[in-house]
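Trainee: Below are the sequence and a predicted model; questions follow.
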Amino acid sequence: MAGTRVLVGTRKGAFILTSDERRQEWTVSEPLFAGWEVYHVKGSPLDPDRIYASQSGGWFGQVIQRSDDGGLTWRTVDNDFTYDGVPGEHQWYDGTLRPWSFTRVWHLEPSVHDAETVYAGVEDAALFRSTDGGTSWSELSGLRQHDTGPQWQPGAGGMCLHTVLEHPTDPDRLYVAISAAGVFRSTDGGGSWRPINKGLRSSEIPDEDREVGHCVHRIDLHPAKPDVLYMQKHWDVMRSDDGGDSWHEVSGNLPSDFGFPIAVHAHEPETVYVVPIRSDETHYPPDGRLRVYRSRTGGGTWEALTRGLPQEHCYVNVLRDAMAVDRHPSCGIYFGTTGGQVYASSDSGDTWAPIVRDLPAVLSVEVQTLA
Amino acid sequence: MHEVRVVLPGHLRTIAKVTGEVAVAVGAPVTQRAVLDALEADLPALRGLIRDRATGRRRPFVRFFACEEDLSHEDPDAALPDRVSRGEEPFIVLGAMAGG
């Protein structure tokens, strides 16, 4: 029988949640990397036994863990994320310039094209790539050295490169998103990059439609329609129909268009999920009601999904990497909260149930659909 | 060569997959840098976790104690106490006290 493996990164370790295809009964692992912040855990789409985890902490820095047996055993791989050349400077919160300085790996993206290739998005924002399963990393420095680099600035969470998307059929085409710089695209395998933020408007920056400076929280695409990109920006849910050349707003009837994650249904490229958050000042759901919103029209028109989710006194947040979809015939949706709950739906979001309620604050959720 | 005893904090013992004290062989002079170089050579998983990868300097929340002294701010090329180099006292690596 097919299986389901949910990979959860938290403030105090990682957890692996396993079930069968029915996704009704779950097994929750003991903590992995206990006591450490685990910003992201993700498996290879080509080899589900290969999983990477970003383990970090304020005392001892960055560790990258790798498993080759589906998370049963782990070993450390290279943690050297030294910037290429002399790091330049970027904007700091107070308007001064500050040298690029590595803090942590936010996101690990195993390649859909090659089982040994994995990307790492780091803070301060830069993209690294390993072509040997994490044994060594090299910066794709054309991104950080873009002419606009000195204009990039940190969001409240730090200046992080948090999203890496590969085109499903063109290995040379890559997208990354940086908070708070915006979205960048490469068409030469990561050698050179250009910002693709036309159509974004952000009142948090003096020139609202500037080329860079936008606090993009997450982007996603469906492999069947790879030129359609969806974005949850700081405020505004956005869509591009031309591979990021231009964006238009699809917030529609959402109760708030602030939020962090955005995800596309596994089998329906026009079905999209977001979790509205009241505002950047509160970081909790509107009206104390935890609602996932689903659009079946590629944005614009949204319906609240509430069955099984708390509809009163709920003041948790759902962070940008904390929502994922599986690829079972009946698509499953998963998200984790800063209150330590991981919720799952095995029917495209119609109904929800918690897998586990009392983990440390959830930083990331990924899911593997096992044959 | 001197056999220097090193005490690691729990998190680093877990990362390095060791238990108890670690012994490293260090040539004279026995300094912080020499001990940490030897430690990282023996246990490469610790690279970057005690000293910053880019600068080579002690990470801000890591402390070095020996012989009831805080040696964290000593010159990394200064000789460690004789009792450490003779193996009578361990060189202690630990995470700074923090919390609330």
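Mentor: Thanks, I have it.
Trainee: now the longest helix along chain B: mean pLDDT?
Mentor: For chain B, the helix with the greatest residue count under DSSP state H is helix B:32-42. The average pLDDT within helix B:32-42 is 98.
Trainee: list the helices and strands it packs on?
Mentor: Using 3 or more Cβ pairs under 8 Å, 6 or more residues apart in numbering or on different chains; DSSP states H and E, the elements in contact with helix B:32-42 are strand B:2-7, strand B:22-26. For glycine as for every other residue, the C-beta is placed from the backbone atoms N, C-alpha and C.
Trainee: which ones are touching residue 91?
Mentor: Let's take chain A. By Cβ atoms under 8 Å, 6 or more residues apart in numbering or on different chains, A:Q91 lies in contact with A:97-98, A:150-154.
Trainee: wrong chain, I was asking about chain B
Mentor: B:4-7, B:32, B:35, B:64, B:66, B:80, B:84 are the contacts of B:F91 under Cβ under 8 Å, 6+ apart.
Trainee: Using neighbour counts, trim the contacts of A:Q91 to the buried set.
Mentor: A:151-154 (16 or more other Cβ atoms under 10 Å in any protein chain shown).
Trainee: Look at residue 3 and say how many residues are nearby.
Mentor: If you meant another chain, say so; for now it's chain A. Other residues within reach of A:G3 by the criterion other Cβ atoms under 10 Å in any protein chain shown amount to 16.
Trainee: ah, I was thinking of chain B
Mentor: The burial count for B:E3: 11, using other Cβ under 10 Å.
Trainee: what are the bridge partners for it, then?
Mentor: B:A25 (DSSP bridges).
Trainee: Which single one of the buried ones among the contacts of A:Q91 is nearest to A:D280?
Mentor: The closest of those to A:D280 turns out to be A:P154 (Cβ to Cβ; 14.3 Å).
Trainee: A:A181 is in contact with the closest one, correct?
Mentor: No. Taking contacts as Cβ atoms under 8 Å, A:P154 lies outside contact range of A:A181: 9.5 Å.
Trainee: show me the contacts for A:Q62.
Mentor: A:54-56, A:79, A:81, A:102, A:104-105, B:48.
Trainee: what's the spacing between the closest residue to A:E21 other than its chain neighbours and A:V63?
Mentor: Distances taken as Cβ to Cβ, 6 or more residues apart in numbering or on different chains place A:A2 nearest to A:E21, at 4.3 Å, with adjacent residues excluded. For A:A2, the distance to A:V63 (Cβ to Cβ, to the nearest Å) stands at 32 Å.
Trainee: Give me the more crowded residue out of the two.
Mentor: Using other Cβ under 10 Å as the criterion, A:A2 and A:V63 rank with A:V63 on top: 24 against 13.
Trainee: Not counting its neighbours along the chain, what's nearest that one?
Mentor: A:Q55 (4.2 Å).
Trainee: What residues does the closest residue to A:G332 other than its chain neighbours make contact with?
Mentor: Nearest-residue entry for A:G332: A:D326, 4.0 Å, with adjacent residues in sequence omitted and distances by Cβ to Cβ, 6+ apart. Going by Cβ under 8 Å, 6+ apart, A:D326 touches A:4, A:23, A:266, A:332-334, A:367-369.
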